[in-house]
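[1] Requesting a structural model of the entry that follows:
(one chain, ligands or ions: 1)
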Amino acid sequence: MNKLEVNNLNLFYGENHALKNISLPIPAKQVTALIGPSGCGKSTLLRTLNRMNDLVAGVTINGDVLFEGENIYSDIDVKQLRMRVGMVFQKPNPFPMSIYDNVAFGLKAQGEKDQQVIADMVEESLRGAALWDEVKERLHSPALGLSGGQQQRLCIARAIAMQPEVILMDEPTSALDPIATHKIEELMDELRKKFTIVIVTHSMNQAKRISDKTAFFWMGELVEHADTATLFQHPVDSRTRGYVSGEFG
Ligand SMILES: Nc1ncnc2c1ncn2[C@@H]1O[C@H](COP(=O)(O)OP(=O)(O)OP(=O)(O)O)[C@@H](O)[C@H]1O
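    Numbers count the residues shown, from 1 in each chain. Sure thing, here's the model as predicted:
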């Protein structure tokens, strides 16, 4: 079964029909990249996968998003959903507290009181985000003292600590330099072993490097989706061909 399945999804911001009848399967333990020109609806679609658009006034949604077969737009526990489907944003957004407390935050909020359980999870999550070796001597220093790339890996660790099944990433490297970007891309290879990942990226090269599947969007439509190599080498639609060849977009 696909981890997530979007079926005939439409989303309107007021009158603006931002997602037009989207159907997209998202396989488990793979990286699915969402690409397309600015304003085509990539971030909007990403946010529908854990109902982050619920927080935007004036949004209307119809259609289904199935998470392991269950429609998340039915009467479900949204808090629980967001724990199972975590999110990493474009700009690293650590909380103004220590590195340790950033990662422990969610567990504590869930009511975990066993300090050893928390410490173990903090270490495991920081290791999982390839940050442990760089911060293990200064876990109690402010997170905002880390470099941008380290802050983004900290945000990934914070997401991992909630033991999600899916991680949504909205252009997670666009605020980072090439070396920090490379580190996050390397990390993706490890993350895909455990998690299902959906990533919005402006970089076609990044999509090629890190994703298994790619979906190409154009003005609110999903034009085509396929294995990444197929989509880039043998695009079917002329709009996809134009975009991946760099003709426009
Ligand atoms: N909160 C919002 N309220 C109203 N309209 C919005 C909102 N967010 C996005 N939109 C509109 O929905 C459409 C899709 O935007 P979205 O941000 O999903 O595109 P995108 O492909 O992620 O773009 P970018 O690559 O520039 O981030 C655009 O027309 C945008 O103006």
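
[2] ok, the nearest residue to D101 once chain neighbours are set aside - contacts?
    Once flanking residues are discounted, D101 sits nearest to F95: 7.3 Å by C-beta to C-beta, 6 or more residues apart in numbering. No exception for glycine: its C-beta is placed from N, CA and C like everyone else's. With C-beta atoms under 8 Å, 6 or more residues apart in numbering as the criterion, the residues that contact F95 are D101, N102, F105, A143.

[3] Which one (most neighbours) among those?
    Among the contacts of F95, N102 has the most neighbours (other C-beta atoms under 10 Å), with 27 neighbours.

[4] Would you mind naming the helix or strand containing it?
    helix 99-109 (DSSP states H and E).

[5] Equivalent analysis for T240, please.
    Judged by DSSP H and E, T240 forms part of helix 238-244.

[6] how close does G14 get to E185?
    Between G14 and E185 the computed distance is 37 Å (C-beta to C-beta, to the nearest Å).

[7] neighbour count winner among these two?
    Neighbours were counted for G14 and for E185 using other C-beta under 10 Å; E185 has more, 16 against 10.

[8] Give me the buried positions along the longest helix along the chain.
    Longest helix of the chain, by residue count under DSSP state H: helix 178-194. Neighbour counts over helix 178-194 (16 or more other C-beta atoms under 10 Å) mark A180, T181, K183, I184, E185, L187, M188, L191, R192 as buried.

[9] thought the fifth one was touching T173?
    The reference is to E185. Yes. Using C-beta atoms under 8 Å, E185 is in contact with T173, at 7.3 Å.

[10] overlap in contacts of those two?
    Shared contacts of E185 and T173, counting by C-beta under 8 Å, 6+ apart, come down to Q206.

[11] can you give me how far whichever strand or helix holds L9 is from the chain middle?
    Applying DSSP H and E as the criterion places L9 in strand 4-13. In terms of C-alpha atoms, centre = their mean, to the nearest Å, the centre of strand 4-13 is set 17 Å apart from its chain centre.

[12] could I have that strand exported to PDB, CA atoms only?
    The C-alpha coordinates for strand 4-13 follow below in PDB (Å, rounded to 0.1, in the frame of the first residue of the first chain):
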ATOM      1  CA  LEU A   4      -0.100   8.400   1.300                       C
ATOM      2  CA  GLU A   5      -2.500   8.700  -1.500                       C
ATOM      3  CA  VAL A   6      -3.900  12.000  -2.800                       C
ATOM      4  CA  ASN A   7      -7.200  11.500  -4.700                       C
ATOM      5  CA  ASN A   8      -9.000  14.100  -6.800                       C
ATOM      6  CA  LEU A   9      -7.900  16.900  -4.400                       C
ATOM      7  CA  ASN A  10      -9.000  20.400  -5.000                       C
ATOM      8  CA  LEU A  11      -7.900  23.400  -2.900                       C
ATOM      9  CA  PHE A  12      -9.200  27.000  -3.100                       C
ATOM     10  CA  TYR A  13      -7.800  30.000  -1.400                       C
END
